[in-house]
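Enquirer: sequence first, then the predicted structure:
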2 protein chains.
Amino acid sequence: MTRRADIAEVARHARVSKSTVSRVINGGYASPEVRARVGKVIQKLGYTPWSTARNFSLGRAGCIGLVIEDTQGQWIAQILGGIEAELTSKHISLLVGSLVVREHYDATTVASWIRERRVDGLVFTRAGQHERRLVEAAKRGGLAVALIAPDEDFTGVHVLRGDNVGAGAAVGEHLAQLGHRRVAFVGGQARTGENAWRESVDSVDRLTGLSKALGAHGVKIPESNVSFLRYHVECGVEYAERWLKLPRNRAPTAVVLGNDAMAIGFMRTLQSHDVRIPKDVSVVGFDDIPSASMYFPGLTTVRQEMREIGEAACHFVLRSVEAKTMTGSTHLYPMTLVPRESSGRVAE
Amino acid sequence: MTRRADIAEVARHARVSKSTVSRVINGGYASPEVRARVGKVIQKLGYTPWSTARNFSLGRAGCIGLVIEDTQGQWIAQILGGIEAELTSKHISLLVGSLVVREHYDATTVASWIRERRVDGLVFTRAGQHERRLVEAAKRGGLAVALIAPDEDFTGVHVLRGDNVGAGAAVGEHLAQLGHRRVAFVGGQARTGENAWRESVDSVDRLTGLSKALGAHGVKIPESNVSFLRYHVECGVEYAERWLKLPRNRAPTAVVLGNDAMAIGFMRTLQSHDVRIPKDVSVVGFDDIPSASMYFPGLTTVRQEMREIGEAACHFVLRSVEAKTMTGSTHLYPMTLVPRESSGRVAE
DNA sequence: CTGAAAGCGCTTACAG
DNA sequence: CTGAAAGCGCTTACAG
C-alpha cells in the first residue's frame, strides 16, 4: 500500500501546473506536447483522480440511487442490469436502497440520501402514495427523479411504465381465442401507508384492457370474479384456496393474476391438489420474471422489458442531472404476450 | 429548491465557531448549553452535513461496494438485504456492481471503484481465479475485503462460506434414509477466465460430504454418475436430457444438483416428459433460493443463510475499515437441510 | 470547553 | 494555451 500520487505530484513530475493536469484529464485546452508529457507521467505514476475530491469540487455526489420496495422482487434484477449498462464508463456509481428492511417499512436510508445529498438523482421502482414525501423531498433538493411503474400521479419527474392496458388486452384476446368464457382477475395492491393498501393502478389498467378485449368477444367478467390482493406468492395461494372451493362447473376456466409471483403461488397450490394446468384451468401472469419460464408448466405472461426500462430511467436521470433542469416526461413501453404452457384451450 | 444551509451558517446563527458545530454533530466536547443552542439552530435551519464534503474531509469514500457476478442470481437479493440491514444508520452507503454486463465479462466498474477510491471496502460474491487481480488491487489500495463463497484461496481478507461438506453430508444421510442406492451428482463450475470454467470448490465439497455420508450406508457414487456443468438452469436441463436417455432400471433414483437453479431446470424438463417427482426420481438442490419453495413439487435443498452471511460480511468489512487494519479471517456458516416434496422414498 | 486556522485534492474562473 | 489563486464544506490538531 504505497502512497497514492495526487494531482500535485503529477504536475511536479510533468513540470506543469495542477490546472493543466486537470485540463488534460478532463479534456480542456492543452497543447499536444503538454498533453503527451502529462499523459506519460500519469501512466508512470498510476495516477487516478480521487473521486470523492473530484465530486466535492464539482459540487455533486457522483451517484444515482435506485430505490426498491424490498430485495425480494425478481424484476429488480433486470432493472439493476439496465441501469448498470447505462452507467458503464460514466463516472457515476449506483447506490441501492430498499424501503423494507428486516420486514419493516423504513425510508430512512433513502431519506438520508436526499438530506445528505448523497445522490444526484433517484430512480424509484413502484413509488406510490407512501413515497410521495420522499419524491417531493427529492424534487425540493434539486434531484433528478425517474419513477418506474409508479402507483400515483407525480409531476415534474420522469415516469416510465409498461402499457398495462395493452397488456391486459393481449391477455383478453389470447383467452378469448382459446374459448374461455369464465375468466377471473386477481389484481395486486399498492401500499398507501405503513400497513395500508389499495388497488394498484397497474392492475386496474390491466383489468381494463382485459375486460375490453374479452368484451369484444362477448365475454364479461362478473364483479364476483374480480379481487385485489397483495402482489405476493402467498396471495396467489390464498386465491387458489378460494378457487378450489368453487364447484368446478362454476369456477373460472382461466385465471389472470396481477403478476407472475401471484400466478406461481396460485399454480403450485392447485397442482398440489391435483388440478391440472392448463387442462382444468388456464393461468396467466404479468412481468415475465425468471421464474415464469423456469416453472412447469411454463407460465403464460406478458413481458415487461424491465432491463430496457431501467436503462431508460437511468438515461433520463443522467440527462436531467447534466442539464440541471427538472423537467418531467412520461413514457409507455410496449409489453408483449409470451404464451407458454399454462394457458390452453378451454375444456369440452 | 432553497439554498441549503452550511455549517458556517449554523455557526453564525448559534454564535459559535464551525469547530463547535462540528463537534456537536459528531459527539465531541461541548457544554450542555452550547449543545442545546446549536441543536436548536440545526433543527430550525434543517441543516444536514453534506456527505461528500464530510467524506472528503475524512479521507474516505463513505461507501462499500458489493460485487456480484451478474444481476440474475437469486441469492444476491438476500445478501443485499443483509448488507443493507447492517448498514442502516451508519453513514455508509452501498454500491452495487456486476462483473457481467450485457452478457459480457467486464470488470471495469469494480476496477474503477478501486482506482478512484470510490469505496472503503468491498464484498465479493463467488470470487474466483478470474477475480484475483481485482482482489489483489483492492488489498493494495488498502480496502477492506470480504469474500462470500470464493472459489479460490485468498489470504489477508475475510472469507465467509457455508459448510458445504456438512451440507453434502446432510443430503447423503437424507437420501440414504429414503433408501436410495443409485445417486448422481451434478456439480457447478467456477469461472477461471473469460470463457474458461472448472469444477467449483463449493460443489466439490458438497460431493465430498455426500459421498462420505452415503458411503457410511454402503452406497457409492460411481464416477459415471458425477459431472460438472455450469451453475445454470440450462445445465439442469442438459443433464435431464442425459438422464432421460438412460434405461430406467439403471438411471439414478436420486439426483443431487449443484444449486437450486440447476435442480429446477432438471425437474422442469423431466416433468415435461411425464417423469414424476419424487415417485420416479428424487431431486435435491442447494441454496434455498426463493424459487425452490415456490416450485411444485417444492424442492428439497440445503439452505444457505445468505442474509446472515451478507450481514456478517458487511460487518467484518466495516470493522476493518474502522480499525484501518487488514486482517483476514475465515468463517463457516452451517447449512440446514430443508426437506420438501421433491425427495421421497425410493420406488419398489 | 471553545475558536482560529490549516488542510483534505480536486476544478475553474481569471489573468496573462 | 498555461499558471496562480480561490474555493468547494467539512474535520481536527493546536492553542487558549
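Expert: Here it is on my side, so go on.

Enquirer: dump the residue contacts of A:Ala263.
Expert: Contact analysis of A:Ala263 by C-beta atoms under 8 Å, 6 or more residues apart in numbering or on different chains lists A:236, A:257, A:283-285, A:292, A:299, A:301, A:342. All C-beta spots, glycine's among them, are computed from the backbone N, C-alpha and C.

Enquirer: which ones among the residues you listed lie within strands?
Expert: Of the positions in the contacts of A:Ala263, A:257, A:283-284, A:301 sit in strands, assigned by DSSP state E.

Enquirer: who touches stretch A:98-105?
Expert: So stretch A:98-105 is contacted by A:67-71, A:106-107, A:109-110, A:130-131, A:191, A:194, B:80-81, B:84-85, B:88 (C-beta under 8 Å, 6+ apart).

Enquirer: please apply the same query to stretch A:136-146.
Expert: The contact list for stretch A:136-146, computed with C-beta under 8 Å, 6+ apart, reads A:64, A:111, A:114-115, A:117, A:119-124, A:135, A:156-160, A:313-314, A:316-321, A:326, B:1-2.

Enquirer: report the buried residues of it.
Expert: A:137-139, A:141-146 (16 or more other C-beta atoms under 10 Å in any protein chain shown).

Enquirer: those into a markdown table, with extra columns for secondary structure and distance to B:Val183?
Expert: Below are those laid out as a markdown table (DSSP: H, G, I helix; E, B strand; the rest coil; distance: C-beta to C-beta, whole Å):
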| residue | secondary structure | distance to B:Val183 |
| --- | --- | --- |
| A:Ala137 | helix | 57 |
| A:Ala138 | helix | 55 |
| A:Lys139 | helix | 60 |
| A:Gly141 | coil | 59 |
| A:Gly142 | coil | 62 |
| A:Leu143 | coil | 56 |
| A:Ala144 | strand | 56 |
| A:Val145 | strand | 54 |
| A:Ala146 | strand | 51 |
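
Enquirer: tell me who's in contact with A:Phe266.
Expert: Residues in contact with A:Phe266 (C-beta under 8 Å, 6+ apart) are A:186, A:236-237, A:239-240, A:243, A:255, A:257, A:283.

Enquirer: switch the cut-off to 6 Å
Expert: Residues near A:Phe266 by C-beta atoms under 6 Å, 6 or more residues apart in numbering or on different chains: A:236, A:239-240, A:257.

Enquirer: for chain A, which helix or strand comes out least confident on mean pLDDT?
Expert: Every helix and strand of chain A was ranked by mean pLDDT, DSSP states H and E. The lowest is strand A:100-101, at a mean of 86.

Enquirer: can you give the strand pairings for that strand, parallel or anti for each?
Expert: strand A:104-105 (antiparallel) (DSSP bridges).

Enquirer: right, and the helix or strand after the partner strand?
Expert: Next in sequence after strand A:104-105, counting helices and strands by DSSP states H and E, comes helix A:108-115.

Enquirer: what comes up buried for that next one?
Expert: Buried residues in helix A:108-115, counted by 16+ other C-beta under 10 Å: A:109-110, A:112-115.

Enquirer: could you work out the most separated pair of those residues?
Expert: Largest separation among the buried residues of helix A:108-115 by C-beta to C-beta: A:Thr109 and A:Arg115, giving 11.0 Å.

Enquirer: can you list the residues of the stretch 51-200 of chain A near DNA strand D?
Expert: Taking C-beta under 7 Å from any atom of the strand as the contact definition, the stretch 51-200 of chain A meets DNA strand D at A:56-57, A:59.

Enquirer: what's the burial count for the residue of the stretch 151-300 of chain A found nearest DNA strand D?
Expert: Nearest residue of the stretch 151-300 of chain A to DNA strand D: A:Gly156, at 24.1 Å (C-beta to the nearest atom of the strand). Look at A:Gly156: counted by other C-beta atoms under 10 Å in any protein chain shown, it has 12 neighbours.

Enquirer: look at it and give its secondary structure.
Expert: Put simply, A:Gly156 is coil when judged by DSSP: H, G, I helix; E, B strand; the rest coil.

Enquirer: ok, it to B:Ala216 distance?
Expert: Going from A:Gly156 to B:Ala216 by C-beta to C-beta, to the nearest Å gives 68 Å.

Enquirer: returning to that earlier point: next, the contact list for the residue of the stretch 151-300 of chain A closest to DNA strand D, please.
Expert: A:Gly156 touches A:139, A:326, A:328, counting by C-beta under 6 Å, 6+ apart.
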